[in-house]
Structures are given as structure tokens and as C-alpha cells.
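Chemist: Could you look at this predicted model? Sequence included:
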Amino acid sequence: MARVLYMQATETIDYLYFQCPYSAYLWELSRLKLGLTTATGSLIEEATLISNKFKQKCNTTTLAKVVFSAVIWHIWREKNARIFQHENEHKILVFKEIYPSSDATLCMKGKKRIGT
């Protein structure tokens, strides 16, 4: 598969979702907001890190899982927008969408809103 986010050679799942500069930026900001500092560069390692860090059943754990899913989804959406609609959205704008979409997911699950 061609590298869509940076239009280079081939990409792997780990490259697309964690290692390309676009994705790495989204993860860096999301990690900072969750209090995580370690960058793994791998889907399995990132999921394991979040599972190990947030083991308790509480709002913070739910938030971390929702944010993890939201970042993956927004990267996937951006890739598809570039392939099928020939549209690009700046990574800062994408990051600004992650927490409102996470907040909406938390509300649907009956959890407290982010920041309350």
C-alpha cells in the first residue's frame, strides 16, 4: 500500500498509525493529555501500554481506551479522505476533533464528560 499521509513508498500498519510524522504528532499530543510519555511505535505495544497503565475500572481508564480508539479512527478517516476525496486536513485540526468525539462516546456510555 502506498504511503498516503506522506506520499512515500509502502506503509505498514505500525507506520501508518504510529510512525509517520502525521500520526506520531497525534499520538504525542494524546499521550501528553493522558499523562503517558512513552512512545512505542507499534499498535500492539501501544494497546498493551494503555492496558497496563489503566487497569482500574474508572473514568480515566475509559477515557484512555476511548482516546486510543479515537486516534486510530481519525488517522484511518484522514487516510481515506486523502485516497477517495483528495482532501487533506491539518493535523492540528484533526487533534482538536479527537477529544470532542471522545467526549461524545463517553456520554453515550453514561460516563462523565471530559474535564468535568
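Modeler: Nice, I can see it.

Chemist: From here on, just use CA atoms for contacts and neighbour counts.
Modeler: Will do.

Chemist: Centroid-nearest residue for the protein?
Modeler: Nearest to the geometric centre of the chain sits V71, at 1.7 Å (Cα atoms, centre = their mean).

Chemist: residues of the longest helix along the chain that come out buried?
Modeler: Under DSSP state H, the helix in the chain containing the largest number of residues is helix 59-80. Under the neighbour-count criterion of 16 or more other Cα atoms under 10 Å, helix 59-80 has 61-68, 70-72, 74-75, 78-80 buried.

Chemist: gap between that helix and the chain center?
Modeler: Taking the mean of its C-alpha atoms, helix 59-80 sits 4 Å from the chain's own mean (Cα atoms, centre = their mean, to the nearest Å).

Chemist: Give me the mean pLDDT for that helix.
Modeler: Confidence for helix 59-80, expressed as mean pLDDT, is 86.

Chemist: Using PDB, list the CA coordinates for that helix.
Modeler: Taking C-alpha atoms only, helix 59-80 is exported to PDB below (Å, rounded to 0.1, in the frame of the first residue of the first chain):
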ATOM      1  CA  ASN A  59     -13.400   7.200  34.200                       C
ATOM      2  CA  THR A  60      -9.700   7.600  33.500                       C
ATOM      3  CA  THR A  61      -9.400   4.100  32.200                       C
ATOM      4  CA  THR A  62     -12.500   4.500  30.000                       C
ATOM      5  CA  LEU A  63     -11.100   7.800  28.700                       C
ATOM      6  CA  ALA A  64      -7.800   6.300  27.800                       C
ATOM      7  CA  LYS A  65      -9.400   3.500  25.800                       C
ATOM      8  CA  VAL A  66     -11.800   5.900  24.100                       C
ATOM      9  CA  VAL A  67      -9.000   8.200  23.100                       C
ATOM     10  CA  PHE A  68      -6.900   5.300  21.800                       C
ATOM     11  CA  SER A  69      -9.800   4.300  19.600                       C
ATOM     12  CA  ALA A  70     -10.500   7.900  18.600                       C
ATOM     13  CA  VAL A  71      -6.900   8.500  17.500                       C
ATOM     14  CA  ILE A  72      -6.900   5.300  15.400                       C
ATOM     15  CA  TRP A  73     -10.200   6.200  13.800                       C
ATOM     16  CA  HIS A  74      -9.200   9.800  13.000                       C
ATOM     17  CA  ILE A  75      -6.000   8.600  11.300                       C
ATOM     18  CA  TRP A  76      -8.000   6.000   9.300                       C
ATOM     19  CA  ARG A  77     -10.500   8.700   8.300                       C
ATOM     20  CA  GLU A  78      -7.800  11.100   7.200                       C
ATOM     21  CA  LYS A  79      -6.100   8.400   5.100                       C
ATOM     22  CA  ASN A  80      -9.400   7.600   3.400                       C
END
